[in-house]
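**Student:** what's the 3D shape of this:
(2 chains)
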Amino acid sequence: MSEIPKAYEPQAVEEKWYDFWLKQNCFTANPESAKPAYSIVIPPPNVTGMLHMGHVLNNTIQDILARKARMDGKEVLWLPGTDHAGIATQAVVEKALRKQGVMKHRDDLGREKFLEHVWAWKEKHGGIIIQQLKKMGCSCDWTRERFTMDPAYSQCVQKVFVELYKKGLIYRGKRMVNWDPAARTALSDEEVEMTETKGHLWHLKYPLLDDKGQPKADEFLVVATTRPETMLGDEAVAVNPTDPRYAALVGRRCLLPLQNKSIPIIADELVDPKFGTGCVKVTPAHDPNDYAMAMRHDLPLTVVIGPDGRMTGEAGGGFAGLDRAEARKTVVEHLEKLGLILKIEDYVHNVGYSQRTNVPIEPYLSEQWFLKYPSVEKATGCVELPEDKGAPGGNSPDAPPVEATARPAPDAQEAIDTKALVPALHVAKGSAGQTTPIAISNLTPSPSESNASSERMRFYPDRWSKTYSHWMGNLRDWCISRQLWWGHRVPVWYRKSEGRNPKTELSAADIHCAVEAPTDAENWEQDPDVLDTWFSSWLWPFATMGWPEQTPTLKKFYPTSDLVTGPDIIFFWVARMIMAGYEFMGDLPFRNVYFTGIIRDKQGRKMSKSLGNSPDPLELIAKYGADALRFGTMRSAPLGQDVLFDDKDVELGRNFCNKLWNACRFRQMQGGEVQAEIEPSLLTGDDKWILLKLDQAIRDITAAFEAYRFNEATQTLYRFFWSEYCDWYVEASKAVLSRPVEASERQSVKAEDAPTLQRSNAPPSADDARRANTIAVIDFVLSHTLRLFHPFLPFITEELWHGMGYHADMPADQGGATIMFAPWPKPLDDDFRGHYGLDASHLDVVNAKYDLVTQGRNLRREGNIPSSKKVKFVFKPAKPLSPHDAEVLKLLLNAEALEVDPAHQPQKGTPTVHSELGDLYLPMEGLIDVAAEKVRLSKELDKINGEIIRTEQKLSNPNFTSKAPPQVLQEHQQRLAEWQAKRDRVQKALEALQG
RNA sequence: GCGCGGUUAGCUCAGUGGUAGAGCACUUCCUUGACACGGAAGGGGUCAGAGGUUCAAACCCUCUAUCGCGCACCA
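**Tutor:** Got it, this is the predicted structure:
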């Protein structure tokens, strides 16, 4: 045992056990298992991504949940995989190919050649993040790893497209979409980030035309715009129909400068007369509102900005080919020369930026595929809102009906009918106002799905459910087509035809929408677009499990149990998965959603590549160990709050692992039988104290798990193990352990050589038996503690589980082979407590003892006695003190001797502390700074008196005594008595100083 | 504009009605046989402000200030 290193060295340990777990197939889920199922699907990271702190937080939580579930006896599937991440991956590869000089634009290569490069890239880099997850200790079932572009997965995506198309939910249309000119693709609304931007409001003068179409001298309409370059495509000026200022002008025309084109003045209600001049320039092809107006007024659509963000030929000779930003400058210059700019104001407004390429979004009219969301009502109703959780009938009478207006009456009626037909289904918990949203979730699922649970879903923290339901209540059709090459190609073919644009004016017979290409493929042309990446990710919970086949995996593990993800993808992913779950599986995809916070740096800034403030988790693992990274992250990540991450957190984790290591090392050095039977009659007060503290820790940690409060669990573990076990119990136990042992015994302490060695050489003595019993208690506590820690610290706990020999007498599948399957500790039950005589009353005496130790140490400190110097204490017990307790006091006070003298008469001026157990004296005359000690005690006395007055006031208040619950009243009375006793002790100590 | 969240020790944060907590940092002491990635003792907070509810408020309600986030949006 002396070979055990003094400090924990994680590297070799982590690699060893991860390999072991893989070889033993510990992570592989068995769908035939009789155990209850527990499943999580990983939020698939980008296939070309690298591990960052967000992944660490997210996947640590998933691993903790998975490992805890295994210890709870569940059959666990944590299904991993990666996402092809269309735009991101394509952009990365394009950049690399340009850098290598392979191409300037992907058109140089052509679709097939380019895709070969992307696949090659994926093969080379796609596994990196998976390897990184393994370094973290993630217990994913790697045999089931999936990729969203796997052939089977692609089939699912296509099947879903075809189904939704046939249902009429997917359609193609020419619409104003969010266009990313850098990536040259359409985006969904969710991919546009509105950012407050400092810009200008240009006030442009458009000359009025008279009846003959001639500009009238000095008569202008003034329009205000943030985008002067779009004026090249203007087709009208609009005013509000009720605006008296312009009523006479409606129907007349004005001159569009630069283009020298006559455009009409129209009236439209969209115009806000109060904003600016009340006149709006209308650019139908480049603004959604203007487009809407153009439809109403039958205006032409003049496209002046092309898909690449450059001005088109329609923009006119001086502008064609210019980038939109350059065009803005040039237009303004020209208008200034013509004197047509009235003024330029500074103006702060919101501009949409592409989330991917960070360039301003261009509203762009184009032909795209759209999806009208399916299963919206079920998906909306299934998530519990915070209001739903109130006690039955607990709504205050004046509270407005919840969401009453948001639900259309027919749905409510239908829901109630359904509920009546299916009485076994979940019954609404709330009052009448809440019935509707709850009942909607109980709409009968498609009959083909037999495992429909009809349960509700909960969000943690639940406030996100409001965000969710708000979005669900305001759905707009989803633009699912992307003008990219990397992704699932739209499974639609158009019949080729000479001299006709194949994508327009087609009859139904000319469109083939199916998973398979048409048999006479040569006569058809496939739609070139691919689908939004999220259109594949939304199928993740079941497409990864073999859907549409009813595979054993799917039957056993769908719906999944928990989803762990970031709130930033509620709309992108979570909401869409819920809809897909109901639409294609007839049931919700997961029961609980845990939303992590966002990891920020210690200044509160988001982690980002450009700031360079994102630590590399792998470096942290190399420096501190994976367990340390996990523990440090979890300890500082409360439910629902952002995490301000600091390397110090990981350092704390490392220190903690080292503490755990050394505590076990200490146990090893004691030798003796491993996990021997505990003999109740030999238990000391300290033993009972730590067993009760362990019991409380088990309860608290288990409760924290149930509430998904992982930081609370880690903090409880930290406190229990470091403060209670190491600082107090281990130190106190040395009173028993470090009694002189015989030479023959010393040698027997080499447990590694003979783990089950009985200490049979020495003749049995009372001390030996007590020593063995203390070791048994230590083993009991440590073997439980290791299990409590395992979900957080998988590696070190496995190493110690084996190193300490705690696996030895467990069944192979219950901790014998690995701690992973050891049963989760249960609170100590009544039988156990009865057998070992554990009673909360033991806590008081031991607490008082430890309190006396602290006070005694403080005396030393006040007396400037170095910690190392042994001094003699005298103890005057108030009631008989056991020899064991006396020994503990002596040891913890680092006393040379502790003289127990019930009749002790201290000299005047002897520093003294008083406690429930008795009085402790430090007879070291002249060593104490009497004046300073007096000041300290007086200060303490003031504080105590303050507390006494406060408590007395409360207790003398008849309102308090009559209205407070008896238990609280009693607590206060007890507290007062305690403070009074304390006051007396301090006063006595003060008097003792009055030499 | 609407919604959500934060404001507690020097720093980062826990703490949902009944005696204000942790880690780090700080002061002093200690390399004693698990651990200096350690041990001991200690200093430090009118819980952003104001009002209200209550016997009792960091906690519940209202308002204000301030920081952050999301949604919507009129050029």
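**Student:** from the stretch 1-150 of chain A, which residue is nearest to RNA strand B?
**Tutor:** A:Ala7 (3.8 Å; Cβ to the nearest atom of the strand). Where C-beta positions appear, they are placed from N, C-alpha and C, glycine not excepted.
**Student:** I figured that residue was touching A:Asn658, is that so?
**Tutor:** Yes. In terms of Cβ atoms under 8 Å, A:Ala7 counts as a neighbour of A:Asn658; the distance is 5.7 Å.
**Student:** any idea how far RNA strand B is from A:Glu583?
**Tutor:** A:Glu583 is 23 Å from RNA strand B, where distance means Cβ to the nearest atom of the strand, to the nearest Å.
**Student:** Wasn't that residue part of a strand?
**Tutor:** No. Judged by DSSP: H, G, I helix; E, B strand; the rest coil, A:Glu583 forms no part of a strand; its state is helix.
**Student:** Can you report phi and psi for A:Gly672?
**Tutor:** Main-chain dihedrals, A:Gly672, degrees, to the nearest 10: phi 90, psi 170.
**Student:** ok, it - how many residues close by?
**Tutor:** Neighbour count for A:Gly672, taken as other Cβ atoms under 10 Å: 22.
**Student:** Identify the residues contacting the residue nearest to it when sequence neighbours are not counted.
**Tutor:** Distances taken as Cβ to Cβ, 6 or more residues apart in numbering place A:Ile775 nearest to A:Gly672, at 4.6 Å, with adjacent residues excluded. Residues in contact with A:Ile775, defined by Cβ atoms under 8 Å, 6 or more residues apart in numbering, are A:Arg667, A:Gln670, A:Gly672, A:Glu673, A:Ala676, A:Leu737.
**Student:** Can you list the buried residues in whichever helix or strand A:Val223 is part of?
**Tutor:** Secondary structure from DSSP states H and E places A:Val223 in strand A:215-225. Buried residues in strand A:215-225, counted by 16 or more other Cβ atoms under 10 Å: A:Pro215, A:Phe220, A:Leu221, A:Val222, A:Val223, A:Ala224, A:Thr225.
**Student:** Could you double-check that the fourth one sits in contact with A:Gly278?
**Tutor:** No. When contacts are counted by Cβ under 8 Å, A:Val222 is not listed as touching A:Gly278 (9.3 Å).
**Student:** Could I get the contacting residues of A:Thr312?
**Tutor:** A:Val303, A:Val304, A:Ile305, A:Gly306, A:Ala320.
**Student:** Any chance of CSV for the residues you listed, columns secondary structure, distance to A:Gly199 and neighbour count?
**Tutor:** As requested, the contacts of A:Thr312 are exported to CSV (DSSP: H, G, I helix; E, B strand; the rest coil; distance: Cβ to Cβ, whole Å; neighbours: other Cβ atoms under 10 Å):
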residue, secondary structure, distance to A:Gly199, neighbour count
A:Val303, coil, 23, 18
A:Val304, coil, 19, 24
A:Ile305, strand, 17, 29
A:Gly306, coil, 22, 20
A:Ala320, coil, 24, 16
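**Student:** Quick check: of those residues, which lies closest to A:Ile599?
**Tutor:** Closest approach to A:Ile599 among these (Cβ to Cβ): A:Ile305, at 38.2 Å.
**Student:** picking up where we left off before, tell me the helices and strands packed up against the strand holding A:Val223.
**Tutor:** strand A:192-209, strand A:279-282 (3 or more Cβ pairs under 8 Å, 6 or more residues apart in numbering; DSSP states H and E).
**Student:** how about the last one against RNA strand B, any contact?
**Tutor:** Yes. Shown here: strand A:279-282 in contact with RNA strand B (Cβ under 7 Å from any atom of the strand) through A:Val280, A:Lys281.
**Student:** what sits up against that strand?
**Tutor:** Against strand A:279-282 from outside (Cβ under 8 Å, 6+ apart): A:204, A:206, A:221-225, A:230-231, A:234-239, A:246, A:266, A:270-271, A:290, A:293-294, A:299.
**Student:** I'd like the distance from stretch A:269-287 to the chain centre, please.
**Tutor:** 43 Å (Cα atoms, centre = their mean, to the nearest Å).
**Student:** can you give me the angle the strand holding A:Val223 makes with strand A:192-209?
**Tutor:** 170 degrees (axes from the mean of the first three to the mean of the last three Cα atoms, to 10 degrees).
**Student:** Who does strand A:215-225 pair with, and is each partner parallel or antiparallel?
**Tutor:** Take DSSP bridges as the rule and strand A:215-225 pairs in its sheet with strand A:192-209 (antiparallel).
**Student:** So for the strand it pairs with, what gets flagged as buried?
**Tutor:** Those would be A:Val192, A:His200, A:Leu201, A:Trp202, A:His203, A:Leu204, A:Lys205, A:Tyr206, A:Pro207, A:Leu208, A:Leu209, for strand A:192-209 by 16+ other Cβ under 10 Å.
**Student:** repeat for stretch A:879-898
**Tutor:** Neighbour-count burial for stretch A:879-898, counted by 16+ other Cβ under 10 Å, picks out A:881, A:884-895, A:898.
**Student:** Is any residue of stretch A:175-192 near RNA strand B?
**Tutor:** Yes. Against RNA strand B, stretch A:175-192 shows contacts by Cβ under 7 Å from any atom of the strand at A:Asp189, A:Glu190.
**Student:** Now tell me what touches that stretch from outside.
**Tutor:** In contact with stretch A:175-192 (Cβ under 8 Å, 6+ apart) are residues A:87, A:90-91, A:287-288, A:291, A:307-309, A:324, A:352-357, A:359, A:361-366, A:368, A:370, A:476, A:478-484, A:532, A:534, A:571-572.
**Student:** Among these, name the buried ones.
**Tutor:** Buried members of the contacts of stretch A:175-192, counted by 16+ other Cβ under 10 Å: A:87, A:90-91, A:287, A:291, A:307, A:309, A:324, A:352-357, A:361-366, A:368, A:370, A:478-484, A:532, A:534, A:571-572.
**Student:** Go through these and flag which are in strands.
**Tutor:** Judged by DSSP state E, the buried ones among the contacts of stretch A:175-192 include A:352-354, A:362-366, A:368, A:370, A:478-479, A:481-482 as members of strands.
**Student:** Nearest to A:Phe147 among these?
**Tutor:** Using Cβ to Cβ, these come closest to A:Phe147 at A:Arg482, 18.4 Å.
**Student:** was I right about the closest one contacting A:Ala88?
**Tutor:** No. If you go by Cβ under 8 Å, A:Arg482 and A:Ala88 don't touch, sitting 11.9 Å apart.
**Student:** follow-up on the earlier one: out of the buried residues of strand A:215-225, which is nearest to RNA strand B?
**Tutor:** The closest of the buried residues of strand A:215-225, once distances to RNA strand B are taken by Cβ to the nearest atom of the strand, is A:Thr225, at 3.7 Å.
**Student:** any idea how far that closest one is from A:Gly352?
**Tutor:** To A:Gly352, A:Thr225 is 16 Å away according to Cβ to Cβ, to the nearest Å.
**Student:** Also A:Glu522?
**Tutor:** 42 Å.
**Student:** and if you look at A:Ile341?
**Tutor:** From A:Ile341 to A:Gly352 the distance is 25 Å (Cβ to Cβ).
**Student:** A:His842 too?
**Tutor:** Following Cβ to Cβ, the distance that separates A:His842 from A:Gly352 is 66 Å.
**Student:** what's the residue closest to the geometric middle of chain A?
**Tutor:** In chain A, the C-alpha nearest the mean C-alpha coordinate belongs to A:Thr596, at 1.5 Å (Cα atoms, centre = their mean).
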